[in-house]
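Engineer: Pasting the sequence and the predicted model now:
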Amino acid sequence: MKSNSLGKMKLINLDRTFPSGKYHKYLAAVEISDEQKLNVKHIEQIFIILRANFIKGSLDLDDFALICHSLFVVTTQKHFDDDNLVLANVLDGVNELSFDVRTDKEEIVKFIPNRVRLIFDYKPESEPPTHASAKSKNIYN
């Protein structure tokens with residue numbers, strides 16, 4: 001991790017690599033092979049699976065953050081955020097959480113509680129999945 005000081009604000013550059021293999025396994029878990037075919041329902045399902053795996057400890061924070069950031073990009077490119085701003089904020093919040101935990105104590109105390117609450121409290125706005133429940137899938141165990 002590198003940090004630069006810009007006035008009072010610290011810029012953090014994290015040395016992270018996108019987990020392509022894991023990302024494709026999550027896409028496959030909702031029966032999608034190409035992220036361009038994702039719809040908001042798929043993104044919600046993937047997020048629920050990601051969050052469950054993160055909570056269980058089978059997915060680390062950086063991989064959770066990077067995959068959520070990728071889903072956030074798809075969400076904004078396809079304008080799903082226009083109809084589901086909460087989902088977009090949660091996906092972006094997971095990415096920001098990975099930066100927040102590495103900042104100074106004041107920033108941690110300021111931002112993390114609300115971000116974690118949003119992530120853990122998110123419930124899908126679209127209809128429930130028609131196939132196996134996304135909540136029960138753990139693709140790594």
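Structural biologist: Nice, thanks for sending it over. Residues are numbered from 1 along each chain as shown.
Engineer: Enumerate the positions of stretch 103-117 that are buried.
Structural biologist: The neighbour-count criterion (16 or more other Cβ atoms under 10 Å) identifies T103, F111, R115 as the buried residues of stretch 103-117. C-beta here means a position set from N, CA and C on the backbone, and glycine is covered the same way.
Engineer: Do a quick rundown of the strands in the chain.
Structural biologist: For the chain, the strands identified by DSSP state E occupy 2-6, 9-13, in order along the chain.
Engineer: List the residues that contact I119.
Structural biologist: For I119, the residues meeting the contact criterion (Cβ atoms under 8 Å, 6 or more residues apart in numbering) are R51, V90, G93, V94, L97.
Engineer: for the residue nearest the centre of the chain, what are its contacts?
Structural biologist: Computing the C-alpha centroid of the chain and ranking residues by Cα atoms, centre = their mean puts C68 first, at 2.6 Å. Residues near C68 by Cβ under 8 Å, 6+ apart: F47, L50, V90, L91, D92, V94, N95.
Engineer: how about 10 Å then?
Structural biologist: Contact criterion Cβ atoms under 10 Å, 6 or more residues apart in numbering gives 43, 46-47, 50-51, 54, 75, 90-98, 119 as the residues in contact with C68.
Engineer: ditto for H24
Structural biologist: The contact partners of H24, taken as Cβ under 10 Å, 6+ apart, are I32, S33, D34, E35.
Engineer: In helices only, show me those.
Structural biologist: Counting by DSSP state H, no part of the contacts of H24 is found in helices.
Engineer: Can you give me the pLDDT of S126?
Structural biologist: In the prediction, the pLDDT value recorded for S126 is 62.
Engineer: How many neighbouring residues does P19 have?
Structural biologist: The local packing count at P19 equals 18, with neighbours defined by other Cβ atoms under 10 Å.
Engineer: Which stretches in the chain count as helices?
Structural biologist: Chain-ordered helices for the chain, with DSSP H as the definition, fall at 20-29, 40-56, 61-77, 85-100, 105-121.
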